[in-house]
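> generate coordinates for the sequence data below:
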Amino acid sequence: MKLGSKVIVGNWKMYKTVTEAIAFVDALLPKISNYKESVLLAVPFTALWPLHEKCKNTPLEIGAQTMNSAEEGAFTGEIAGRMLKEAGASFVLLGHSERRRLSGETDSVIHKKVERALEDNLLPIVCVGETLEERKEGRSEEVLERQLKSVFEGLKWKGDLLVAYEPVWAIGTGQTATPDIIDNIHAFIEEKVEALLGVKPRILYGGSANSANAPTLLAIPNVGGLLIGGASLDLESFLSIIENSHSFQ
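Numbers count the residues shown, from 1 in each chain. Next up, the predicted model:
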């Protein structure tokens, strides 16, 4: 996986059947065939293997949206990192706000998942972010520092390090944080992560990013890329964002 200076990660969430996923990738690959940097796409489990087979020797890297922290075991409905790896995933999203909210994932749970992902040779993309209530209370940095410390403390890190800042109040709402807020928060995250791990992270922004605001977001100095939700489901929208990212490489 070769990451450029601006990394684009699409997150399909619970959308697209295998047939729909293949059709999307079939249309996307010719458009990015000359790219030298990787574009990342987190897809449903069912689409991992067929898309992995299609994306061999292309710039498109296929990954998963979550995993269990155990190597294996009696965990009905769960999936292990080594299963994802065998199915063709090269990375995994961990700590996404929807997993925290809908599945009750705590910082300690996410820590264990990140640790397991590293052991299974998957690149973890770790998501952090504060709620609207926490922001209104002036606790953004406090919350982010707690999340980062809980997730990363004690880990040994080699290779790429991607952290996605997704302000919960800006996800799916059509709202985005201002460039100044994003720049300052990303600088804060970078400082805290580097102090914990001794590795400089690349910070992605993920909060209602789309083809219209991507140029503005990507131009922010401390933004190392974007985590795209709904806009990654539409081919033309996703492609526009990818093309914008390459103008900043």
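
> what helix or strand does the nearest residue to Phe152 once chain neighbours are set aside sit in?
Using CB to CB, 6 or more residues apart in numbering and skipping the chain neighbours, the partner closest in space to Phe152 is Leu196 (4.6 Å). (Each C-beta comes from the backbone N, C-alpha and C, glycine too.) Assigned by DSSP states H and E, Leu196 belongs to helix 179-197.

> beyond that helix, next helix or strand please.
strand 202-205.

> how far does whichever helix or strand comes after that next one sit from the chain's center?
Downstream of strand 202-205, the first helix or strand assigned by DSSP H and E is helix 214-218. Counting by CA atoms, centre = their mean, to the nearest Å, helix 214-218 is centred 17 Å from the centre of its parent chain.

> just checking, next helix/strand downstream of helix 214-218?
strand 225-228.

> quick check: mean pLDDT of the next helix or strand after that next one?
Downstream of strand 225-228, the next assigned helix or strand under DSSP H and E is helix 235-246. In this model, helix 235-246 has an average pLDDT of 93.

> how distant is helix 235-246 from the center of its chain?
With CA atoms, centre = their mean, you get 16 Å for helix 235-246.

> residues touching that helix, excluding its own?
Residues outside helix 235-246 that contact it (CB atoms under 8 Å, 6 or more residues apart in numbering): 4, 6-8, 10, 24, 27-28, 31-32, 35, 37, 39, 209-211, 214-215, 218, 225-226, 228, 231-232.

> wait, a strand at Ile62?
Yes: under DSSP: H, G, I helix; E, B strand; the rest coil, Ile62 sits within a strand.

> and the closest residue in space to it that isn't next to it in sequence, how far from Leu226?
Closest residue to Ile62 apart from its sequence neighbours, by CB to CB, 6+ apart: Leu51 at 4.7 Å. Distance, Leu51 to Leu226, by CB to CB, to the nearest Å: 20 Å.

> check contacts around Arg101.
Contacts for Arg101 (CB under 8 Å, 6+ apart) come out as Val168.

> stretch 126-135 spans what distance, first to last residue?
Length of stretch 126-135, first residue to last, CA to CA, to the nearest Å: 20 Å.

> buried stuff in that stretch?
Val126, Cys127, Val128, Gly129, Glu130, Thr131, Glu134, Arg135 (16 or more other CB atoms under 10 Å).

> helix or strand right after the lowest-mean-pLDDT helix or strand in the chain?
The helix or strand of the chain with the poorest confidence is helix 132-136; it has a mean of 86 (mean pLDDT, DSSP states H and E). Using DSSP H and E, the helix or strand that follows helix 132-136 in sequence is helix 140-152.

> the very next helix or strand once past that next one pairs with which strands?
The helix or strand immediately downstream of helix 140-152 is strand 162-165, counting by DSSP H and E. Here strand 162-165 has these sheet partners by DSSP bridges: strand 123-128 (parallel), strand 202-205 (parallel).
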